[in-house]
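[1] prediction below, plus the sequence it came from.
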Amino acid sequence: MQNKRTIKVGMVQLSCSKDRDGNIARHENAIRLLAADGAQIICLQELFATQYFCDTEDYHNFGYAEPVPDGALAARMGRLAGELGVVLVCSLFEKRAEGLYHNTAAIFDADGTCLGKYRKMHIPDDPGYYEKFYFTPGDLGYQVFNTRYCRIGVLICWDQWYPEAARLTALKGAEILFYPTAIGWDESQDQATNEEQYGAWQTIQRSHSVANGVPVVSVNRTGKEGGMQFWGGSFVTNAFGRVLWQGPHLEEALHIEELDLADSDRYRRHWPYLRDRRIDSYSDITRRWID
């Protein structure tokens, strides 16, 4: 009989206004509520302090960026993590140097220590998502963070669509994959397109869970910003891709899910994808296209 290894994971799905201080205060209150209910690791949505400013190319938006972890917002999140004894996954707009910026997740341990940061590797450039204007691609590679409660991997939004990112993070020993996210539907789209897009988004992440034998926690924002309806739908899987909880699309939600990390070994024994990988045959994966 395998012993359980249970972890309580909290998710914060909120809408954001133009009031940055108000957004931060609302997220802090949500963290406090989840911590009071027993959450041990809490993940916030992508760029939680502001509305999703990447829908336009506006130089004034660079003013939101701060150093990580030495900026005021990161310091505030670190103090909060230490006060409440929780691990926080916080998506921040990082100013690395003059004219050099990243979309960065900072991970604060339950004593308030910043364990490190992950810089978003895959940067989109699509209508409504002009992230290449703001963010330099990450250069820290794929990482895991040894928190008080377990070892976690963190990827960000557009990274969700890349099996390579999930695989490499899992191969480094991540016991849970976290995805802070900001993605939505353009108001001009029809319902069939909306359903297809959300289905693809959830399916690809569930596949990362199945292929790697780890739970996935995906936390998206909700609310309407300009012509974009962020689709919420935050969700968590077990270690074989089964959806344990899914949030609403149009409403805010706070949720705690208890995960048994011992399930990973059980699923990996019965579905030994890692054992059967033919790593000797994968060298072409690093090519852009195979002509």
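    Alright, I've got the coordinates.
[2] contacting residues for L140?
    By CB atoms under 8 Å, 6 or more residues apart in numbering, the contact set of L140 is 117-119. Every residue, glycine included, has its C-beta placed from N, CA and C.
[3] for burial, what's the neighbour tally of Q143?
    21 (other CB atoms under 10 Å).
[4] just the one 5 residues further on next, same as before
    One way to gauge burial is a neighbour count; for R148, by other CB under 10 Å, it gives 15.
[5] which intervals of this structure have sub-threshold pLDDT?
    Within the chain, the ranges that satisfy pLDDT under 70 run 1-2.
[6] do you know how far G78 is from L115?
    As judged by CB to CB, to the nearest Å, G78 and L115 stand 10 Å apart.
[7] these two: who's more crowded?
    G78 (20 against 17).
[8] what secondary structure does the more buried one sit in?
    helix (DSSP: H, G, I helix; E, B strand; the rest coil).
[9] so it sits against D111, correct?
    No: using CB atoms under 8 Å, G78 and D111 do not qualify as a contacting pair, with a distance of 9.4 Å.
[10] tell me who's in contact with F62.
    With CB under 8 Å, 6+ apart, F62 has these contacts: 95, 101, 134.
[11] bridged to N103, which residues?
    As for beta bridges, N103 partners with F93 under DSSP bridges.
[12] report how many residues lie close to it.
    The number of residues near N103, taken as other CB under 10 Å, comes to 30.
[13] that one touches I156, doesn't it?
    Yes: here N103 reaches I156: they are 6.0 Å apart, a contact under CB under 8 Å.
[14] overlap in contacts of these two?
    46, 91, 120.
[15] ok, the last one - contacts?
    Meaning K120. So K120 contacts 102-105, 135, 137-138, 155-159 (CB under 8 Å, 6+ apart).
[16] buried subset of these?
    The neighbour count (16 or more other CB atoms under 10 Å) marks 102-105, 135, 138, 155-159 as buried among the contacts of K120.
[17] between those residues, which sits nearest Q202?
    Distance to Q202 across the buried ones among the contacts of K120 (CB to CB) is lowest for C157, with 13.8 Å.
[18] what's the closest non-adjacent residue to that closest one?
    What sits nearest to C157 in space, not counting adjacent residues and going by CB to CB, 6 or more residues apart in numbering, is T181, at 4.7 Å.
[19] residue contacts, that neighbour?
    Per CB under 8 Å, 6+ apart, neighbours of T181: 45-46, 156-157, 160, 218-221, 234.
[20] try 6 Å this time
    46, 157, 218, 220 (CB atoms under 6 Å, 6 or more residues apart in numbering).
[21] just the buried ones from those, in ChimeraX syntax?
    To isolate the buried members of those in ChimeraX, using 16+ other CB under 10 Å:
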select :46,157,218,220
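[22] grab the two from the contacts of T181 that are most spread out in space.
    Farthest pair in the contacts of T181, by CB to CB: E46 and S218, 10.5 Å.
[23] out of the contacts of K120, which is nearest to Y129?
    W158 (8.0 Å).
[24] touching, that closest one and D125? I think so.
    No: taking contacts as CB atoms under 6 Å, W158 lies outside contact range of D125: 9.8 Å.
[25] is W185 in a helix, a strand, or coil?
    strand.
[26] from S91, how far out is it?
    W185 is 21 Å from S91, by CB to CB.
[27] for stretch 114-125, measure first residue to last.
    In stretch 114-125, first residue to last residue: 30 Å (CA to CA, to the nearest Å).
[28] in helices only, show me the contacts of F62.
    Using DSSP state H, no member of those falls within helices.
[29] out of those, which sit inside strands?
    95, 101 (DSSP state E).
[30] top of the contacts of F62 by number of neighbours, please.
    Y134 (21 neighbours).
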